[in-house]
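[1] Could you work out the structure for the sequence below:
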Amino acid sequence: MKYILPLLLCLGIGAFFGRTLLTDDKEDEAVASNTSFPVNERKNKVTVDPNSNRREITPIKHIISEEEATIKLFEESAPSVVFITTSTVRQDYWSRNVTEIPAGNGSGFIWDKEGHIVTNYHVIEKADRAQVTLADQTTWDAELVGIEANKDLAILRIKAPAEKLKPIPVGSSYDLRVGQSVFAIGNPFGLDQTLTTGVISALGREIESIGGRPIRGVIQTDAAINPGNSGGPLIDSNGRLIGVNTMIYSPSGASAGIGFSISVDEVNWVVPDIIQYGEVRRPILGINLVAEQHTKRLKMDGALILDVVPSSPADKYGLRATEKDRRGNIVLGDLITQINDEKIATNADLFLALEKYSPGDTVSVQFIREDKTKSVDLVLGSKDDLSS
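    Numbering: from 1, shown residues only. Sure thing, here's the model as predicted:
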């Protein structure tokens with residue numbers, strides 16, 4: 001009897017809690033059966049902050065020094081790079097109305113505070129009008145100063161205030177090395193101010209100019225160069241101009257990792273003449289030189305002749321080119337070591353020495369042939385001598 005009361009009490013408590021839990025389950029099932037996805041309303045509406053689903057910005061831990069250097073390089077160099085758009089003028093035969101038709105676009109860079117712009121000749125070749133857009137997005141009509149089709153170079157001029165013009169720093173190309181980091185800035189496919197990076201893949205390459213003549217000493221790079229990059233600068237890690245991007249090798253027309261740039265030493269040779277005369281009037285010997293990385297490897301001081309242009313002064317006075325004998329062995333050409341009293345140790349030395357003379361001047365050329373020092377007095381020519 002004494003156990004009956006506690007037992008009944010336990011049964012009562014259990015029945016009470018069991019009924020309560022069963023009721024809650026049925027209510028939950030009823031709510032669930034009336035709910036679809038997504039849930040926009042609930043039994044008890046809750047106001048949600050719309051910003052509560054935004055992700056927090058992860059803070060930058062650090063930027064490595066290489067990235068900082070590239071960013072700084074672009075920010076300092078970009079103001080020197082311009083966007084060039086060209087157009088042609090067509091007149092309707094019947095109405096005689098004149099229509100301006102877009103012809104293309106390309107890149108260029110500021111050469112000096114006088115507003116001279118360097119670009120490729122093929123960028124403006126078929127154009128009747130050209131406009132130059134600076135980094136500040138101001139656009140200026142450009143006039144053609146002159147061209148050198150055999151080097152695929154052209155000079156434009158804009159009448160912009162000097163304070164808007166930032167000339168690009170100029171480097172050298174005779175001391176470049178394969179594997180050196182390079183950067184290309186331009187306007188590929190019309191996209192404004194684009195930077196691509198890469199390395200020098202090879203030196204001393206040869207490409208054909210629009211004039212049909214070979215351009216030697218060209219820089220090959222794997223930095224992406226696409227249509228619209230033409231005429232833009234190839235710069236080194238110090239932001240100095242080392243080449244002018246001129247073409248790509250690609251069946252598809254897009255970058256395939258093989259791009260070519262005209263060396264800055266050629267540019268520095270051609271541009272001053274075009275600015276002054278509208279054409280190249282520098283005196284020439286009529287030779288092409290072996291790239292300097294090869295002469296350095298052979299431990300040779302001087303300018304080694306690769307080939308001699310027919311009918312040039314060098315050809316008329318008997319200078320010898322590098323060639324192969326019947327067995328396929330390379331026979332080195334003449335190594336120029338002196339012009340008058342000026343010593344020649346590099347290709348650049350020869351270019352600088354010739355700058356002091358004019359076509360028609362007679363100079364003494366000292367050279368080494370088959371380990372013997374020789375000299376010849378010859379009359380310097382001009383590019384007109386080679387036009388025939």
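[2] which residues does Ile207 contact?
    214-215, 218, 246-247, 260 (CB atoms under 8 Å, 6 or more residues apart in numbering). Backbone N, C-alpha and C define where each C-beta goes, glycine included.
[3] Kindly report the same for Asp361.
    283, 379-380.
[4] what about Gly333, how many neighbours?
    Per other CB atoms under 10 Å, the neighbour tally for Gly333 reads 21.
[5] Flag the shaky bits of the stretch 51-200 of the chain, pLDDT-wise.
    Across the stretch 51-200 of the chain, the ranges flagged by pLDDT under 70 are 51-55, 57-58, 60-64, 91-100, 102-103, 189-191.
[6] Where do the strands of it begin and end?
    For the stretch 51-200 of the chain, the strands defined by DSSP state E, counting those that start in this stretch cover 81-91, 98-110, 116-119, 129-133, 139-148, 153-158, 181-186, 194-208.
[7] could you check the distance from Pro359 over to Gly146?
    17 Å (CB to CB, to the nearest Å).
[8] neighbour-wise, which of the two wins?
    Gly146 (20 against 16).
[9] what does stretch 123-139 contact?
    Outside stretch 123-139, the residues touching it (CB under 8 Å, 6+ apart) are 78-89, 100, 103-108, 117, 140-142, 144, 154, 156, 158, 160, 164-165, 193, 210, 230-231.
[10] rerun that using 7 Å as the cut-off
    78-79, 81-89, 100, 103, 106, 108, 117, 140-142, 144, 154, 156, 158, 160, 164, 193, 210, 230-231 (CB atoms under 7 Å, 6 or more residues apart in numbering).
[11] okay, and for the stretch 201-350 of the chain, where does confidence drop off?
    Using pLDDT under 70, the flagged stretches of the stretch 201-350 of the chain are 210-213, 248-256.
[12] still on that earlier bit, looking at the strands of the stretch 51-200 of the chain, which is closest to Gly278?
    strand 139-148 (3.8 Å; CB to CB).
[13] and the angle from that closest one to strand 81-91?
    Counting by axes from the mean of the first three to the mean of the last three CA atoms, to 10 degrees, strand 139-148 lies at 90 degrees to strand 81-91.
[14] in its sheet, what does strand 139-148 sit against?
    Using DSSP bridges, the strands paired with strand 139-148 are strand 129-133 (antiparallel), strand 153-158 (antiparallel).
[15] buried stuff in that strand?
    Neighbour-count burial for strand 139-148, counted by 16 or more other CB atoms under 10 Å, picks out 140, 142, 145-148.
[16] show me where this protein has helices.
    4-33, 65-77, 121-124, 264-277, 292-297, 313-316, 347-354 (DSSP state H).
[17] where's Thr139 relative to Val218, distance?
    For Thr139, the distance to Val218 - CB to CB - is 31 Å.
[18] got it, and Ala142?
    In this view, Ala142 and Val218 are 26 Å apart by CB to CB.
[19] Please name the bridge partners of the closest residue to Phe74 other than its chain neighbours.
    If the residues on either side of it in the chain are set aside, Phe74 comes closest to Leu195, at 4.9 Å by CB to CB, 6 or more residues apart in numbering. For Leu195, the beta-bridge assignment (DSSP bridges) gives partners Ile185.
[20] Please report the distance of Leu195 from Ile71.
    9 Å.
[21] picking that back up, please identify which of the contacts of Ile207 is nearest to Arg297.
    Looking across these and measuring by CB to CB, the closest to Arg297 is Val218, at 19.0 Å.
[22] Present the strands paired with strand 139-148 as TSV; the columns should include mean neighbour count and distance to Asp341.
    Below are the strands paired with strand 139-148 laid out as TSV (neighbours: other CB atoms under 10 Å; distance: least, CB to CB, whole Å):
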stretch	mean neighbour count	distance to Asp341
strand 129-133	20	44
strand 153-158	24	32
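[23] Now those in TSV, please, with extra columns for distance to Gly333.
    Shown next, in TSV, are the strands paired with strand 139-148 (distance: least, CB to CB, whole Å):
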stretch	distance to Gly333
strand 129-133	41
strand 153-158	27
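[24] can you pull the contacts of Ile117?
    82, 108, 110-111, 132, 142, 155-158.
[25] Could you rerun that using 6 Å?
    When contacts are counted by CB atoms under 6 Å, 6 or more residues apart in numbering, Ile117 is found next to 82, 108, 132, 156.
[26] Near Arg326, how many other residues are there?
    Around Arg326 there are 5 residues (other CB under 10 Å).
[27] I'd like the distance between it and Ala162.
    According to CB to CB, Arg326 and Ala162 sit 61 Å apart.
[28] Lys126 now?
    In terms of CB to CB, Lys126 sits 31 Å off from Ala162.
[29] According to the record, where do the domains of this structure fall?
    77-164, 181-277, 287-386 (automatic domain parsing).
[30] chain center to the longest one, what's the gap?
    Here domain 287-386 is found 31 Å from its chain centre; the criterion is CA atoms, centre = their mean, to the nearest Å.
[31] Equivalent analysis for stretch 134-149, please.
    18 Å.
[32] Dump the buried residues of strand 139-148 into a markdown table; add distance to Gln293 as well.
    A markdown table is the format used below for these (distance: CB to CB, whole Å):
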| residue | distance to Gln293 |
| --- | --- |
| Trp140 | 40 |
| Ala142 | 37 |
| Val145 | 33 |
| Gly146 | 32 |
| Ile147 | 30 |
| Glu148 | 25 |
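[33] Of these, which is the nearest to Gly302?
    Of these, the one sitting nearest to Gly302 (CB to CB) turns out to be Glu148, at 26.5 Å.
[34] Pairing partners for the closest one in the sheet, please.
    Leu153.
[35] doesn't Glu279 make contact with it?
    No: between Glu148 and Glu279 there is no contact under CB atoms under 6 Å: 7.3 Å.
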